[in-house]
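Peer 1: Here's my sequence, what's the structure:
(2 chains)
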There are 2 protein chains.
Amino acid sequence: MPTVQNPRLTGLVCIRCGRRYEIADHSTGCPACLAEGTPANLECAYAPGGPGGVEQPYLRPVTLGEGGTPLLTDVTGAVPGLDVTLKWEGANPTGSHKDRFSAVAVSRAVHAGYQGIAAASSGNAGVSLATYCGRAGLRCEIAVTDDTPGQVVDLMRDLGAEVVSFPHSEQRWEHIAGYRDSTTMLPVTNFVVPPVGSSPFGIEGYKLVAEEILTDRSGAAPEWVVVPASRGDLAWGVYLGFRELLGAGAVPRILLVEPFPRVVSVLAGADPYATFPGTTRAMPSLGGNQLALQAVEAVRRSRGHAEAVDDERVLAETRRLWRAGLPLEPSSAAGLVAVSQALAAGTMTADSDVVVLATAHGLKGM
Amino acid sequence: MPTVQNPRLTGLVCIRCGRRYEIADHSTGCPACLAEGTPANLECAYAPGGPGGVEQPYLRPVTLGEGGTPLLTDVTGAVPGLDVTLKWEGANPTGSHKDRFSAVAVSRAVHAGYQGIAAASSGNAGVSLATYCGRAGLRCEIAVTDDTPGQVVDLMRDLGAEVVSFPHSEQRWEHIAGYRDSTTMLPVTNFVVPPVGSSPFGIEGYKLVAEEILTDRSGAAPEWVVVPASRGDLAWGVYLGFRELLGAGAVPRILLVEPFPRVVSVLAGADPYATFPGTTRAMPSLGGNQLALQAVEAVRRSRGHAEAVDDERVLAETRRLWRAGLPLEPSSAAGLVAVSQALAAGTMTADSDVVVLATAHGLKGM
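Peer 2: Okay, the predicted model is just below:
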């Protein structure tokens, strides 16, 4: 069944300057903002008249049944002192929230006539994109770093992806940048420095996280939504979803979780386009020394907050959570550590109504 | 929130002789049939007056949001020559259909006051039971064989299970049998020879597969449901679900898939309590040289069929399916090979309406 573009999709809009663009793959974000040295992602714009839920750019997408993940309430012991609700994204077809992105990004590539997609990933995104490309009959090239676990590289290759490996993370981006003007291979993850984030089409898939949370809670928005982040694709997509359904003034507060201060520093006055020192071994999905503006905007516009969490504490908490029947990868367990910190600091209280995005299970060995 | 027993659960009934028993853990199946040398599992019996869907023995069970898995239509290329529908059980919390069993079996153990559960498993069931026991705060002992991959044993241990390993599969059963009269540890998988199958409470969880298939198809039953099987817990549970919703005469035909002739032989006249020669390296979830009667009954009562599939063909098909975006473990890919065989033999035609249970993804390394 062919992928169909949503007839109400009218174009793309810069999240920073508001300039409008026609429907196309602007892999470096807003061209005008890029030229000004302040790169920013675009977001999809739709004409009014939608069907009620959030708009999606492609109808009848390439799918493996992603989404509709369980919202677990009453998760005793996940965070001592606060009854959080978990959105269990591990129950996606390949075990992470990335499947939501892949379904839409690959549908875009199919609709626009590309032969394949290219992406930088060392984990869930690569496995997910390889799977969805396989389903769509597209080529898939994943650029990893040399320290990516062999087990994960093997999974990607078994799924038909071409895997290329580089010593340093930035070299992956340089490689992907080689496809910036390609008419055959579509880059769907960031390769710009400073970063803009991933495909705005793919990010639209994350809006459904917001819709499902509201549906499962009979329309009641939580007070907080906790989102682990690298360059903020998921946080931004979740923000867009809540904004579309509730209006800009009623979006739940986003608690953005990072492995060392980036958004934390920006909220304290740093330039969002700066380089932020720090490393993480435990949370490879959340690494990177530069931000995308969308991560900051998701927090600012939702009157949110950011917490940096420590490798050692996250690893200890991950071990504890596994033994409590919550096999999260450390980059997901980070969200629960952040809630503990926010509780200790008084940002949250024992009565706070908090949904944590449990972004991926750890059973794949990541 | 405490687990509550369904007030309409009235007892257990032998699937072979129809004798009734009070609600208890008859881990060796029907005592009378066992004494006669023809072991048979029990099934849950309910008083009328249920809420509409299938009955479940425990309400408010221990849960990680299992079930509600996607039903994928239009899966081009899964089986050349026939458009099958896939029930993607990999989108359960720990990546396999076993989560449905674990949720109910562990809820039973909690309700009945056990301190833990014991099970023989070399894969998905062990990972799943360890997870659900962790959630419930129960001990979990998993008996594996020495050839179980270290990666899988590590997962179980990281999830808090005590793993004990034996050279031969039968030695696992002897070990689990040591708990047959335990008031602290509940065996939830088979340890009887000839086998009866797993906990009848846990099997009730599989009835929801049938309910979800009917719901997603607006009530229209498929012609065939394809179920990979070892001792037939899943096939029997799916049969029970359809029977409860549609009546005994309207259950879809079950195509049972096995790695060498067992049910195939019984349908050709062999004694169901015989020993069936054969081995499989590719499909450890489907191994075992003896049947449980429930596997045969699921096929017989549904006017079904059985197909034995070959290791080499299944492995080749698994590799092909991964590259087509369907990362199934070989024991799941077996179902698609069986459909190809049934098509070639004329048991199915290009127009057949077939749902294949894609029981587990292969991303955990099984």
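
Peer 1: and the residue nearest to the spatial centre of chain A, what does it touch?
Peer 2: Compute the mean C-alpha point of chain A, and by CA atoms, centre = their mean the closest residue is A:L234, 2.8 Å away. Contact partners of A:L234, counting by CB atoms under 8 Å, 6 or more residues apart in numbering or on different chains, are A:H97, A:Y206, A:V209, A:V227, A:P228, A:L357, A:T359. C-beta coordinates here come from the backbone N, C-alpha and C atoms, glycine included.

Peer 1: And for the first one, nearest residue in space, chain neighbours not counted?
Peer 2: What it means is A:H97. A:E89 (4.0 Å; CB to CB, 6 or more residues apart in numbering or on different chains).

Peer 1: next one: the second one
Peer 2: If you skip the residues right next to it in sequence, A:Y206 has A:G237 as its closest partner in space, 2.5 Å away by CB to CB, 6+ apart.

Peer 1: How about the contacts made by the one you found?
Peer 2: Neighbour list for A:G237: A:F101, A:I203, A:E204, A:G205, A:Y206, A:K207, A:V209 [criterion: CB under 8 Å, 6+ apart].

Peer 1: nearest to B:V106, of those?
Peer 2: A:V209 (28.2 Å; CB to CB).

Peer 1: what pairs with A:V226 across the strands?
Peer 2: A:L255, A:V356 (DSSP bridges).

Peer 1: Can you show me the strands along the stretch 151-300 of chain A?
Peer 2: A:162-166, A:185-187, A:224-228, A:253-258 (DSSP state E, counting those that start in this stretch).

Peer 1: what about the helices in chain A?
Peer 2: Using DSSP state H, the helices of chain A run over A:31-35, A:98-111, A:124-136, A:150-158, A:169-177, A:200-204, A:207-216, A:233-246, A:263-267, A:293-301, A:311-323, A:330-344.

Peer 1: Now those in TSV, please, with extra columns for mean pLDDT.
Peer 2: Shown next, in TSV, are those (pLDDT from 0 to 100):
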stretch	mean pLDDT
helix A:31-35	97
helix A:98-111	98
helix A:124-136	97
helix A:150-158	94
helix A:169-177	93
helix A:200-204	98
helix A:207-216	98
helix A:233-246	98
helix A:263-267	98
helix A:293-301	98
helix A:311-323	97
helix A:330-344	97
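
Peer 1: who wins for proximity to B:A45 among these?
Peer 2: helix A:207-216 (33.0 Å).

Peer 1: Tell me the helices and strands packed up against that closest one.
Peer 2: Judged by 3 or more CB pairs under 8 Å, 6 or more residues apart in numbering or on different chains; DSSP states H and E, the packing partners of helix A:207-216 are strand A:71-72, strand A:85-88, helix A:233-246.

Peer 1: which residues touch it?
Peer 2: A:53-56, A:67-69, A:71, A:87, A:89, A:97, A:100, A:220-222, A:225, A:234, A:237-242, A:244-246, A:355, A:357.

Peer 1: swap the cut-off to 6 Å and go again
Peer 2: Residues from elsewhere that reach helix A:207-216 (CB atoms under 6 Å, 6 or more residues apart in numbering or on different chains): A:G53, A:V54, A:G67, A:L71, A:G237, A:V238, A:L240, A:G241, A:F242, A:V355.

Peer 1: mind giving me JSON lines with the residues you listed and columns for distance to A:V4?
Peer 2: Output for the contacts of helix A:207-216, formatted as JSON lines (distance: CB to CB, whole Å):
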{"residue": "A:G53", "distance to A:V4": "17"}
{"residue": "A:V54", "distance to A:V4": "17"}
{"residue": "A:G67", "distance to A:V4": "18"}
{"residue": "A:L71", "distance to A:V4": "29"}
{"residue": "A:G237", "distance to A:V4": "21"}
{"residue": "A:V238", "distance to A:V4": "25"}
{"residue": "A:L240", "distance to A:V4": "21"}
{"residue": "A:G241", "distance to A:V4": "21"}
{"residue": "A:F242", "distance to A:V4": "26"}
{"residue": "A:V355", "distance to A:V4": "32"}
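
Peer 1: Please, a ChimeraX command that selects the buried ones among the residues you listed?
Peer 2: Command for ChimeraX that selects the buried part of those, burial taken from 16 or more other CB atoms under 10 Å in any protein chain shown:
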select /A:54,67,237,238,240,241,242,355
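
Peer 1: Closest one to chain B out of the contacts of helix A:207-216, please.
Peer 2: A:L71 (7.3 Å; CB to the nearest CB).

Peer 1: Find the nearest non-adjacent residue to the closest one, please.
Peer 2: A:D216 (4.3 Å).

Peer 1: Near that neighbour, how many other residues are there?
Peer 2: For A:D216, the count of nearby residues is 17 (other CB atoms under 10 Å in any protein chain shown).

Peer 1: A:A177 too?
Peer 2: Neighbour number of A:A177 under other CB under 10 Å is 18.

Peer 1: and the closest residue in space to it that isn't next to it in sequence, what does it touch?
Peer 2: Among residues not flanking A:A177 along the chain, A:F191 sits closest, at 4.3 Å (CB to CB, 6+ apart). With contact taken as CB under 6 Å, 6+ apart, A:F191 is in contact with A:W173, A:I176, A:A177.

Peer 1: Would you tell me which residues of chain A are close to chain B?
Peer 2: Residues of chain A lying close to chain B by CB under 6 Å from any CB of the partner chain are A:1, A:65, A:70, A:72, A:74, A:88, A:91, A:93, A:131, A:134-135, A:158-160, A:322-325, A:363-364.

Peer 1: Would you quantify the distance from the closest residue to A:L246 other than its chain neighbours to A:I203?
Peer 2: The spatial neighbour of A:L246 that comes closest, neighbours along the chain excluded (CB to CB, 6+ apart), is A:A221 at 6.0 Å. Separation of A:A221 from A:I203 (CB to CB, to the nearest Å) stands at 20 Å.

Peer 1: Which one's more surrounded, these two?
Peer 2: Taking neighbours as other CB under 10 Å, A:A221 and A:I203 compare with A:I203 leading, 29 against 19.

Peer 1: Assess the claim that the more buried one and A:G232 are in contact.
Peer 2: No. With contacts defined as CB atoms under 6 Å, A:I203 does not count as touching A:G232, sitting 9.5 Å away.

Peer 1: picking up where we left off before, tell me the most buried of the strands of the stretch 151-300 of chain A?
Peer 2: strand A:224-228 (a mean of 29; mean count of other CB atoms under 10 Å in any protein chain shown).

Peer 1: picking that back up, right, and out of the contacts of A:F191, which lies closest to chain B?
Peer 2: Using CB to the nearest CB, A:I176 comes nearest to chain B of these, at 21.6 Å.

Peer 1: Next, count neighbours for that closest one.
Peer 2: 24.

Peer 1: ok, now the one 4 residues further on?
Peer 2: A count of nearby residues for A:R180, using other CB under 10 Å, gives 13.

Peer 1: same thing with A:G134?
Peer 2: 25.

Peer 1: What of A:Q5?
Peer 2: Using other CB under 10 Å, A:Q5 has 14 other residues around it.

Peer 1: Provide a list of residues in contact with A:G126.
Peer 2: The contact partners of A:G126, by CB under 6 Å, 6+ apart, come to A:I142, A:M156.

Peer 1: do that again at 8 Å, thanks
Peer 2: A:A119, A:I142, A:V144, A:V152, A:M156, A:A161, A:V163.

Peer 1: try A:S230
Peer 2: With CB under 8 Å, 6+ apart, A:S230 has these contacts: A:E258, A:S285, A:L286, A:G287, A:G288.

Peer 1: again, but for A:A136
Peer 2: A:V62, A:V106, A:S107, A:A109, A:V110, B:G325.

Peer 1: Per the annotation, how does chain A divide into domains?
Peer 2: A:4-59, A:71-95+A:202-358, A:98-197 (automatic domain parsing).

Peer 1: Adding distance to B:G37, write the ones you listed out as TSV.
Peer 2: Listed next are these as TSV, based on distance: least, CB to CB, whole Å:
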stretch	distance to B:G37
domain A:4-59	59
domain A:71-95+A:202-358	40
domain A:98-197	46
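
Peer 1: so which of those domains gets nearest B:E312?
Peer 2: Closest to B:E312 of the domains of chain A is domain A:98-197 (CB to CB; 17.5 Å).
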